[in-house]
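J.: one predicted model, sequence on top.
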Amino acid sequence: MSGIATIPAATSRTQTEAAPCYRQSGLSQPGAAYGRREDGSLLLWSTDSPLQGGPFAFSSFLARWAETRGALPAISERAGDAWRTLTWSELHRQVLSVASGLLAMGLSQARPLMILSGNSLEQAVLLLGAEYAGIPSAAVSPSYSLLSQDHQRVRGMHALVEPGAVFVQSSAPFSRALDALGVPAAAVIAVDNPQAGHTAWAALAGAAPTAGRIADLQAAHAAIDPVRDVARIFFTSGSTGEPKAVPIRYDNVAAMIGQYQYLHRAIADEPVVMLDWLPWHHIFGGMGNLGRVMTLGGSYYLDDGRPLLGQFARTVQNLRDVCPTFYATVPSAWALIAAELERDESFARSFFSRLRFVAYGGASLPRDVWERFQSAAVRTVGERIGFVAGFGSTETTGQGAIYTLPGGDLGNVGVPIPGVEIKLVPLDGGDDRYEVRLRGRPVFHGYHKRPDLTQAAFDEEGFYRMGDAVRLANPEDPLHGLRYAGRCVEDFKLANGTWVRTGSVRLGLVEHCAPLLADAVICGHDRNYVAALAWPNVAACQRLAPELAALPPEELVKHPTVIAALRDALRAQAASGASQQVRRLLLMAEPPSSDANEIADKGYINQAAARQRRAPLIDVLYAELPPAFVACSR
């Protein structure tokens, strides 16, 4: 590569000594090197070699774990107050039965499987069975079937995938969607209450495959071409636009497996125990978390709670029961967990009892939340717990960069994982931001049936354009990691032409107002200053004064005590310049709408969709004489 100056190996940054008072995570941290180009761009790569020659499917591990850990729980879900569990032996047996049954239904690379319902034991078996048989599966958000009136989005996805069969957990709730899609009865696989003509799950998973079917299954598995064949089809979350279909090939899966084996090589004999609510129709949950446990032979527990008011108590109970060794969720959930750790010492003792490390993704973690979490950890077990951060997307199988070092360097997403190159292209604006591009084995080959989008997604050197921005954690040394700086498409200009970096402004606002805000929508396109719509952290706002404790959100968001606290926080902002300071803020009681695409399943706010849907509130924000329930810094 002409014009590239490689940092000598002796000066490449690898693992640093662990900071005091941190519990050892046992995770590996990649070493890195970099080079500069004459055009100002940077190239970063890992100095560690990726693992080669391993399995190309998560289902390939089932026989091994069934033999060595057969009686241990592989995957469990709630059944009332108890847990319904499949051991590794049971999981292996059911996967083989389902895989052979799917082949008998005529499914193949050309006739994939589509999944309309949410996470379940049966769906886990189905995903692994389809993968083992060489059949692509495409899971979509249940909300597209259950909440939509016209089913337009799921009909578009169905037409794109052209599935040979459709899976639902229960026939009745999905009957309208199945009718809208025109799915023949024989092509429907249903667990609960299958209708006439449907394929009943009990028959599919319970029948012992004949010798002939087993032979056909092994032949189908042996015929998989990892470089050519598709294992999964994911739809992007739509957090910054319309969802796109992303085929994940078996070779991409192999890269992910190698990454987990690399990261956990020092603790490979310690099975991971995980509780997870993240949906499997997204890469983070469906391959990142579930795939990690399948690779490492641990125990995966489905969380039937959610990081939402009225649903989080279930998550707390599940965390008490499971005591995970690893827990990953979105930043909004960490705020709720921090509050519960502060409130309940017994919960804190069980939660931290065997926790090695935690992770967040989808957005940046506010420092206030991190500090409260670590204070609870030190108070409970006498040591801090490291937060692992990373950088990736659906198109990169959730992989790209990782940061596993202990410390409070929030927003640092690390350096490239083995086998990945990162190109940083300088962005306009004079604020030291770079556009991120990735190349390597984890990166997809192109969007499903959209050559136009595929061509635009890659640059002339084959790097995938992420659409994200970063800054260097240390401007003098790129090997100290990359700091996430938001989505490029979310940025906008004020009336004077000054760029507003939405991601950093949003995070700064939540931190300045901590712990009063749950999330925010940054406004100001072609206006004279930045303002924001925001959702309250209801529990924190209720703690401001005794008279607020019982107020519902609709009254809380307009209460003078809450508005005064936010006004003081806005006035205390340390940032300078109109593009960095939020001058007005309006709280909203109505939560973000998934049906209106305001929020993705992973918890990320679609800024553009929220601004469009709530345009009348933005007009209130910028009124010449705003109402009393708008917090103003001046």
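T.: Structure's in. What do you need? Keep in mind that what you see is a predicted model, and the values were worked out from it rather than measured.
J.: could you use CA atoms for every contact and neighbour count after this?
T.: Fine.
J.: tell me the pLDDT at residue 3?
T.: pLDDT recorded at residue 3 is 38.
J.: cool, residue 241 as well?
T.: We have a pLDDT of 56 for residue 241.
J.: same question, residue 498
T.: So residue 498 comes in at 83 (pLDDT).
J.: ok, it - contacts?
T.: residue 579 (C-alpha atoms under 8 Å, 6 or more residues apart in numbering).
J.: for it, what are phi and psi?
T.: Dihedral angles of residue 498 (phi, psi; degrees, to the nearest 10) stand at phi -80, psi 130.
J.: do the same with residue 307
T.: Backbone torsions of residue 307, given as degrees, to the nearest 10, read phi -80, psi 60.
J.: now residue 343
T.: Dihedral pair for residue 343: phi -80, psi -30, per degrees, to the nearest 10.
J.: now residue 266. Nearest residue, chain neighbours left out?
T.: Leaving aside its chain neighbours, residue 266 sits nearest to residue 26 (5.9 Å; criterion: C-alpha to C-alpha, 6 or more residues apart in numbering).
J.: burial count for the one you found?
T.: 15 (other C-alpha atoms under 10 Å).
J.: hmm, residue 269 and it touching each other?
T.: No. In this structure residue 26 lies outside contact range of residue 269 using C-alpha atoms under 8 Å: 11.3 Å.
J.: common neighbours of these two, please.
T.: In contact with both residue 26 and residue 269: no residue, using C-alpha under 8 Å, 6+ apart.
J.: before we move on, back to that, give the full set of residues in contact with the residue nearest to residue 266.
T.: 264, 266, 267, 356.
J.: can you say which two of the residues you listed are spatially most distant?
T.: 266 and 356 (12.7 Å; C-alpha to C-alpha).
J.: low-confidence regions, the protein specifically.
T.: Applying pLDDT under 70 to the chain picks out residues 1-20, 237-242, 362, 574-578, 601-602.
J.: what's the domain layout of it?
T.: Domain assignment for the chain by automatic domain parsing gives 9-52+414-489, 88-223, 492-632.
J.: any chance of these in CSV, with distance to residue 289 too?
T.: Formatted as CSV, the domains of the chain follow (distance: least, C-alpha to C-alpha, whole Å):
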stretch, distance to residue 289
domain 9-52+414-489, 15
domain 88-223, 12
domain 492-632, 13
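J.: who's in contact with stretch 429-441?
T.: By C-alpha under 8 Å, 6+ apart, the surrounding residues in contact with stretch 429-441 are 251-252, 255, 396, 400, 419-427, 462-472, 485, 488, 499.
J.: run through the residues that contact the residue nearest in space to the middle of the chain.
T.: The centroid of the chain falls nearest to residue 284 when counting by C-alpha atoms, centre = their mean (3.9 Å). Taking C-alpha under 8 Å, 6+ apart as the criterion, residue 284 is in contact with 278, 398.
J.: now the strands for the stretch 151-300 of the chain?
T.: Applying DSSP state E, counting those that start in this stretch to the stretch 151-300 of the chain gives strands spanning 165-170, 188-192, 199-200, 230-235, 245-249, 273-276, 299-302.
J.: starting at the chain centroid, how far to the fourth one?
T.: Computed by C-alpha atoms, centre = their mean, to the nearest Å, the separation of strand 230-235 from the middle of its chain amounts to 16 Å.
J.: quick check: closest non-adjacent residue to residue 258.
T.: Leaving out its chain neighbours, the residue that sits closest to residue 258 by C-alpha to C-alpha, 6+ apart is residue 51, at 5.2 Å.
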